[in-house]
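Engineer: attaching a predicted model along with its sequence, questions to come.
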Amino acid sequence: KTEDEFFSILKAEVDQILGVKRICGYCYTQLTDVEQEQNGLYNFDRTPKFDVKRLRAIFGAARK
């Protein structure tokens, strides 16, 4: 519902993935919005929807 809630959920998901030793990589599949889907991290025209620094901090986190 809010941007902070989005980041909280995203961070929890990425932390779970990084916490599994048998997983050696992952792919976030919807980076940008497309014709009928609007679930991306970026708008259709590739402008950011969210704070890029916060996204980078989450996706750039080291494995635990």
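Structural biologist: Arrived safely, thanks for sending.

Engineer: pull the number of nearby residues for Leu41.
Structural biologist: Neighbourhood size, Leu41 [other CB atoms under 10 Å]: 17. (Each C-beta comes from the backbone N, C-alpha and C, glycine too.)

Engineer: pLDDT wise, what is it at?
Structural biologist: On the pLDDT scale, Leu41 is placed at 90.

Engineer: so who does it touch?
Structural biologist: 28, 30-32, 48-50, 55 (CB atoms under 8 Å, 6 or more residues apart in numbering).

Engineer: in JSON lines: those, plus neighbour count.
Structural biologist: As requested, the contacts of Leu41 are exported to JSON lines (neighbours: other CB atoms under 10 Å):
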{"residue": "Tyr28", "neighbour count": "14"}
{"residue": "Gln30", "neighbour count": "12"}
{"residue": "Leu31", "neighbour count": "11"}
{"residue": "Thr32", "neighbour count": "16"}
{"residue": "Pro48", "neighbour count": "10"}
{"residue": "Lys49", "neighbour count": "15"}
{"residue": "Phe50", "neighbour count": "13"}
{"residue": "Leu55", "neighbour count": "18"}
